[in-house]
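Colleague: 3D model of this:
(one chain, ligands or ions: 3)
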Amino acid sequence: MARGIRYFLSVTLKLLAVMLASVLMIVVTRTATFPSYQTSPPACEESDDDFIPADKERLARFTSAIQLQTVSYERGVGTPQELVKFSQFIQESFPTIHGSPMVRRDVVGNYSLLYRVEGSDASLQPYMLASHLDVVPVAEEAKWVAPPFSGELKDGYIYGRGTIDAKHSLMGSLEALQFLLSRGHQPKRTLYLAFGHDEETQGHFGAKVISEVLTQRGEKIKFILDEGTPVGDGLLPGVSKPVAFIGVAEKGFMTLHLEVNEEGGHASMPKPESAIGILSKAISKLENNPHPNMFGTGVEARMLEYVATEMTLPYRMLSSNLWLFSPLVAWVYSKKPQTNAMARTTTALTRFNAGVKDNVISPEAVAVIDHRIHPMSSVEEVMEFDLKVINDPRVNVKVKNSRPPAPISPYGKDSPTYMMLQETIQQIYPDALVTPTFMVATTDTGHYWNLSNAIYRFSPYVMTPSDLARLHGVNERISVKDYERVMNFYYHLIVNMDKPLETKRHGHEDEL
Ligand SMILES: CCCCCCCC/C=C\CCCCCCCC(=O)NCC(=O)O
Ligand SMILES: [Zn+2]
Ligand SMILES: [Zn+2]
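Modeller: Ligands and ions are numbered 1, 2, ... in the order given. You can find the predicted model right below:
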């Protein structure tokens, strides 16, 4: 009997050893032979003539744009007078654009701007560059090193609300267009510039109306580029080169209004539970029960695979063997807010209101939850999860607003528009790696899904880990060097969009 057990154990151990050796072999082989998704940058044909400098006039125009306080506060509550001033400022600042017979300008939804630049070849589908006129409000003004609406230049940086979100792309694309038109260039492919005025409150009166106008005109758009993910410097562990992240998808969102109504009364005779207490418990349950970690089911896994061959050894091993290490990477991702946001649907408690006086038991408590929905989940799944977690019929849960995750746009070598974008990025950042990702925040493109199936989100400035807090935060800024890159990025993009979207290198045909 004992011999039988010993024999069984030894066979089991041998089998385990063989399995382990096989797994190890697969891991080593994959690490050594994982394909590279990177392409070399296109040959540089640039001359001095072919470059937009961040000179005094252009910097002054950008500063003036930052000085206009085009704040969006709430859905439908903005700063109409500032938006009108911004619109006038744009007209005065870019006379070549506004005087061109090729350009049609429409004011849409009262304040948003839609430009159509007529291409010479009507058989080509138009494309669209998008950005927004509005900014988020300023908090903690005392902590800013320069006033938030000054556009002040300090140590090579321009400071101000809107410098990275997103007046750089609005002004940068206009500068590029003005530069081209002033040289007598007519694009072959018709180009739209779409600037919504309420992106920061979900674009219900701006981008939504722009989309309706274009739909009424029967437009189908070849490719849309909006504000988005940046060129990361040190954002991706294990990669020393800068990494340009192209947002090929976008998380959805669901804003929930939670309300509890109970009997109020005199604070000297409280019941065991109050409206405030009941709501606090519900919220605490939501915070303590995060939505499932979905790392490895979507674009976030491809993001790592695209740069795997460029990573230092341990990261390279993990990224080229996600079939095995996905759970480990998922766990690591859950540790930091910016990576956790890529792994799961997030839950942010953004508002909590209750009570009118110190000695009155509040009959009502309300809270707002801002969920950002992972591309592999859905509005319905998130709601079902929350109700199960709260599990309290006294908490009234209402959806204030929601949008499902965006469809995933084509990416990689089989997508001519993605490859064109990649090459344009490489013209500006020749040392950068390029990889697909998804946006954890929302953009106006949520209103453009019916116009195009090739929607990308990318902002051509460099972002370091310490810059993340500047987004919607204190000391938002862009370097002069980066603003120059932004203008030149749009310039190259417009030029590149006039080349056939077929590249012999990648063997694709431009279908239109
Ligand atoms: C492993 C890390 C990978 C990181 C990849 C990307 C890093 C993301 C960094 C910045 C994203 C910048 C997005 C800014 C757009 C803001 C849009 C916005 O504010 N929308 C409104 C909203 O979401 O409420
Ligand atoms: Zn923005
Ligand atoms: Zn924003």
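
Colleague: Report the mean per-residue pLDDT for the lengthiest helix in the chain.
Modeller: Determined from DSSP state H, the single longest helix within the chain is helix 2-33. For helix 2-33, the mean pLDDT works out to 93.

Colleague: so what secondary structure elements neighbour it?
Modeller: Applying 3 or more Cβ pairs under 8 Å, 6 or more residues apart in numbering; DSSP states H and E, one finds that helix 2-33 makes contact with helix 313-319, helix 322-333. Every residue, glycine included, has its C-beta placed from N, CA and C.

Colleague: quick one: average confidence on the last one?
Modeller: Helix 322-333 shows an average pLDDT of 96 in the prediction.

Colleague: and what of the shortest one?
Modeller: Confidence over helix 313-319, taken as the mean pLDDT, stands at 97.

Colleague: same question, stretch 266-280
Modeller: pLDDT averaged over stretch 266-280 gives 97.

Colleague: Now it - C-alpha only, CSV.
Modeller: Output in CSV follows, covering the C-alpha atoms of stretch 266-280 (Å, rounded to 0.1, in the frame of the first residue of the first chain):
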residue,chain,number,x,y,z
HIS,A,266,-35.7,66.7,16.5
ALA,A,267,-32.0,65.7,17.0
SER,A,268,-32.6,64.9,20.7
MET,A,269,-34.8,61.9,19.8
PRO,A,270,-33.1,60.0,16.9
LYS,A,271,-34.1,56.7,15.5
PRO,A,272,-31.4,54.0,15.2
GLU,A,273,-30.9,54.8,11.5
SER,A,274,-31.1,58.1,9.6
ALA,A,275,-31.3,59.0,6.0
ILE,A,276,-27.7,60.1,6.2
GLY,A,277,-26.6,56.8,7.9
ILE,A,278,-28.5,54.6,5.4
LEU,A,279,-27.0,56.4,2.4
SER,A,280,-23.5,56.4,3.9
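
Colleague: Any buried residues in that stretch, and which?
Modeller: By neighbour count on 16 or more other Cβ atoms under 10 Å, the buried set for stretch 266-280 is 274, 275, 276, 277, 278, 279, 280.

Colleague: got CSV for these, with secondary structure too?
Modeller: Below are the buried residues of stretch 266-280 laid out as CSV (DSSP: H, G, I helix; E, B strand; the rest coil):
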residue, secondary structure
274, coil
275, helix
276, helix
277, helix
278, helix
279, helix
280, helix
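
Colleague: in stretch 306-318, what counts as buried?
Modeller: 306, 307, 308, 309, 310, 311, 315, 316, 317, 318.

Colleague: This protein: helices as residue ranges?
Modeller: 2-33, 56-67, 80-93, 95-99, 167-182, 207-216, 275-288, 299-307, 313-319, 322-333, 337-343, 379-390, 416-428, 480-496.

Colleague: so which of those comes closest to ligand 2?
Modeller: helix 167-182 (8.7 Å; Cβ to the ion).

Colleague: quick one: average pLDDT of that closest one?
Modeller: 98.

Colleague: hmm, back to that, tell me which of the buried residues of stretch 266-280 is nearest to ligand 1?
Modeller: Relative to ligand 1, the closest of the buried residues of stretch 266-280 is residue 279; by Cβ to the nearest ligand atom it sits at 23.6 Å.

Colleague: Between helix 322-333 and the longest helix of the chain, find me the angle.
Modeller: 80 degrees (axes from the mean of the first three to the mean of the last three Cα atoms, to 10 degrees).

Colleague: list the buried ones in helix 2-33?
Modeller: Neighbour-count burial for helix 2-33 [16+ other Cβ under 10 Å]: 27, 30, 31.

Colleague: Residues of the stretch 201-350 of the chain that sit close to ligand 1?
Modeller: Contact residues, the stretch 201-350 of the chain versus ligand 1 (Cβ under 6 Å from any ligand atom): 227, 229, 230, 232, 235, 236, 245, 338, 339.

Colleague: I'd like those residues as a markdown table, with distance to ligand 2 appended.
Modeller: What follows is those, written out as a markdown table (distance: Cβ to the ion, whole Å):
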| residue | distance to ligand 2 |
| --- | --- |
| 227 | 5 |
| 229 | 12 |
| 230 | 12 |
| 232 | 17 |
| 235 | 18 |
| 236 | 22 |
| 245 | 15 |
| 338 | 17 |
| 339 | 21 |
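
Colleague: Now rank these by neighbours and give me the top one.
Modeller: Most neighbours among these, by other Cβ atoms under 10 Å: residue 245, with 28 neighbours.

Colleague: low-scoring pLDDT stretches of this structure, where are they?
Modeller: The chain contains residues with pLDDT under 70 at 1, 45-46, 48, 502-512.

Colleague: domain parsing for it?
Modeller: Domain assignment for the chain by automatic domain parsing gives 48-242+406-496, 250-403.

Colleague: now for the shortest one, what's the gap between its first and last residues?
Modeller: Spelled out, it's domain 250-403. This stretch, domain 250-403, spans 10 Å end to end (Cα to Cα, to the nearest Å).

Colleague: Tell me how many other residues surround residue 420.
Modeller: 22.

Colleague: Let me know the distance separating the residue nearest to it when sequence neighbours are not counted from residue 47.
Modeller: Leaving aside its sequence neighbours, residue 420 sits nearest to residue 496 (Cβ to Cβ, 6 or more residues apart in numbering; 5.5 Å). According to Cβ to Cβ, to the nearest Å, residue 496 stands 16 Å off from residue 47.
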